[in-house]
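1. Sharing a model prediction with you, sequence too.
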Amino acid sequence: MSDYSKVLLQSPSGAVVNEDTLEPNQSVGAMYMPDPRPGEYKIIVQQGGETQVEHSVTFNGSDVEVVSVRDSWSGETLKTVRVDVRNRGDLPAKLEGSEVEARGMSQEVSQSAWIEPNETETVTVPLRYSEIQIEDPGDVRGSISMDFDKGTRTGAFNESFDAASVSIKSVNTSWDGATLTSATVVVANTGDLQTKSNVELSHQGEQFAGTFNDTVSPGGTTTYEMNGDLFKQTTAGEIQVEILAKSPAGFDEKRIPHTATAANLTLQSVSPQWDGKNLEVVEFTVKNTGEVPGDLTAHATVAGEDHLRESFTADNGTTTFEYSKPADDSTIFYSHMYTAESGGTVPVTLTIESGGSSESQTVENGFSGAQGDIGDVDTTFFGKYGTDKVELSSLSFSVRNTGDLPLKYDAVELSIDGVTQTASVGSAATVESGSGNTEYVYPDDLLVSTGDHELTIRLQNDGETVATGSTTVSAT
């Protein structure tokens with residue numbers, strides 16, 4: 001054409017859906033064909049409003065088919081469906097949405113795609129997580145429906161799922177002698193479906209540790225950890241610890257051996273604990289060079305008197321115990337093991353017995369006894385009517401016990417100017433170690449001549465003198 005020309009595109013309905021302009025001498029042009037539909041399209045070339053050339057093209061439309069379907073799973077969850085779609089028609093096919101279904105579960109996916117004429121395209125249909133998730137083993141028959149502008153096309157896919165299957169992949173344990181302090185168990189799931197599993201630790205059928213349930217993914221592993229003093233082996237030699245992984249789908253079990261040496265006990269030291277005159281407890285230390293605990297019995301002999309036996313258990317290493325048994329059952333509720341009554345040495349022997357053998361150690365504790373110091377003497381004399389003598393009517397004095405045992409007395413003996421007289425103190429008196437007391441005595445008609453005299457005071461207990469003190473007094 002030697003002049004400018006208008007090119008019109010007319011749809012099957014007769015409407016002009018696009019137009020363009022050709023320059024003079026232009027021989028080739030292109031036009032966009034919106035919303036293509038089947039039927040006869042016309043290309044009309046006009047100049048000055050007059051049609052110069054008209055050409056008709058007829059389209060049959062798109063013709064799509066599902067060629068193949070491939071499903072993709074993450075464990076038991078359907079993640080994507082890939083569909084190969086072929087368009088055998090002469091117009092593009094528009095995908096407007098899809099729906100995937102399997103075992104009664106379905107998910108609609110909004111998406112848009114074009115399949116060009118005489119082309120095969122792969123359409124990926126993504127699914128939201130956990131919308132389609134298989135719980136039971138067996139075959140799964142799924143389908144996909146794809147909505148095109150020319151209608152719906154369907155395809156199918158198949159998958160088979162094995163049941164969950166748990167197995168113990170590895171076990172790592174840590175021991176401190178005969179004590180199991182940690183266990184790490186890795187559980188694997190070789191099935192196609194997830195499951196929940198827990199781990200139990202047992203010895204001779206008695207469970208001593210366990211974990212909570214945790215999920216084990218298909219083809220994955222879960223690690224279970226247990227820490228602390230989980231189990232203590234109490235017998236020497238080899239034992240078996242049972243490891244059990246449990247799930248609704250089944251279980252797996254492993255046994256791990258552990259060997260511990262027998263107890264070997266030696267008495268390291270003995271330390272009697274005295275509170276003044278009272279023996280409260282006997283501390284003793286035992287060393288166990290074996291790995292398993294060792295049982296022992298202990299008994300004490302105090303000042304030649306045997307005390308009751310008491311049982312103990314010594315773990316591996318060095319352990320200090322307290323022994324506090326009385327001499328016999330009649331004194332079981334007494335608060336002290338032994339009370340020293342007089343000065344001298346008190347031997348304490350502690351004996352342990354274990355495994356048919358015994359071992360002893362003796363520790364001695366010496367007591368100086370009671371030591372009474374008499375002082376602060378104060379006397380009162382009165383003249384005796386009708387005589388040239390005076391009467392000792394009263395006196396007071398202090399008593400202090402500087403010894404390490406109690407001072408006991410029940411009478412006071414006075415000697416002055418050749419006269420001796422004994423006075424009772426009423427109830428027997430006791431002065432504890434480091435303590436003091438004041439006594440008041442009222443003699444009975446004790447007459448002396450006037451002047452200075454030596455006064456001797458003796459404290460007696462059951463007729464035996466336990467303390468003596470002398471001082472000079474003036475009798476006027």
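-> Here it is on my side, so go on. Residues are numbered from 1 along each chain as shown.

2. pLDDT below threshold where in this protein?
-> Counting by pLDDT under 70, the chain has low-confidence residues at 1-2, 330-334.

3. Domain map for it?
-> The chain resolves into domains spanning 5-59, 64-161, 173-260, 265-367, 372-475 when parsed by the TED database.

4. so which strand or helix has the spatially most central residue of the chain?
-> Residue closest to the mean C-alpha point of the chain, counted by C-alpha atoms, centre = their mean, is residue 228 at 6.3 Å. Taking DSSP states H and E as the definition, one finds residue 228 inside strand 221-232.

5. which parts of that strand are buried?
-> Neighbour-count burial for strand 221-232 flags 222, 224, 226, 230, 231, 232 (criterion: 16 or more other C-beta atoms under 10 Å). For every residue, glycine as well, the C-beta is placed using N, CA and C.

6. Give the pairing partners of it; include direction for each.
-> Note on strand 221-232: by DSSP bridges, its sheet partners are strand 179-189 (antiparallel).

7. ok, back up a step: quick check: which of the domains of the chain is nearest to residue 167?
-> domain 173-260 (4.6 Å; C-beta to C-beta).

8. Endpoints of the closest one, how far apart?
-> 15 Å (C-alpha to C-alpha, to the nearest Å).

9. Run through the helices of this structure in chain order.
-> Assigned helices in the chain: none (criterion: DSSP state H).

10. I'd like to know how many residues surround residue 77.
-> Counted with other C-beta atoms under 10 Å, residues neighbouring residue 77 total 16.

11. Over to residue 275?
-> Around residue 275 there are 9 residues (other C-beta under 10 Å).

12. Residue 404 versus that one, what's the distance?
-> 12 Å (C-beta to C-beta, to the nearest Å).

13. swap in residue 197?
-> On the measure of C-beta to C-beta, residue 197 and residue 404 end up 70 Å apart.

14. Neighbour count: the two, which is higher?
-> Neighbours of residue 197 and residue 404, each counted by other C-beta under 10 Å, are more numerous for residue 197; the result is 26 against 18.

15. With adjacent residues omitted, what lies nearest to the more buried one?
-> Leaving aside its sequence neighbours, residue 197 sits nearest to residue 247 (C-beta to C-beta, 6 or more residues apart in numbering; 4.1 Å).

16. what's the answer for residue 132, then?
-> In space, residue 132 is closest to residue 78, 4.2 Å off (C-beta to C-beta, 6+ apart).

17. And residue 43, by the same measure?
-> residue 55 (4.7 Å).

18. thinking again about what came up before, can you convert the buried residues of strand 221-232 into a markdown table and add a column each for distance to residue 300?
-> As requested, those are exported to a markdown table (distance: C-beta to C-beta, whole Å):
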| residue | distance to residue 300 |
| --- | --- |
| 222 | 56 |
| 224 | 49 |
| 226 | 42 |
| 230 | 37 |
| 231 | 34 |
| 232 | 29 |
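
19. on that earlier part again, return the distance of the closest residue to the residue nearest to the centre of the chain other than its chain neighbours relative to residue 262.
-> Distance criterion C-beta to C-beta, 6+ apart; nearest residue to residue 228, sequence neighbours excluded, is residue 181 at 7.0 Å. Distance of residue 181 to residue 262, computed by C-beta to C-beta: 21 Å.

20. got a list of what residue 248 touches?
-> 164, 195, 196 (C-beta atoms under 8 Å, 6 or more residues apart in numbering).

21. Give me the distance between the second one and residue 188.
-> With distances defined as C-beta to C-beta, the gap from residue 195 to residue 188 amounts to 11 Å.

22. I'd say residue 186 and residue 170 touch.
-> Yes. Residue 186 lies in contact with residue 170 (C-beta atoms under 8 Å); the separation is 4.6 Å.

23. can you map out the strands along the stretch 201-350 of the chain?
-> 206-210, 214-216, 221-232, 237-247, 250-260, 265-275, 278-288, 294-302, 305-306, 310-314, 317-323, 338-339, 344-354 (DSSP state E, counting those that start in this stretch).
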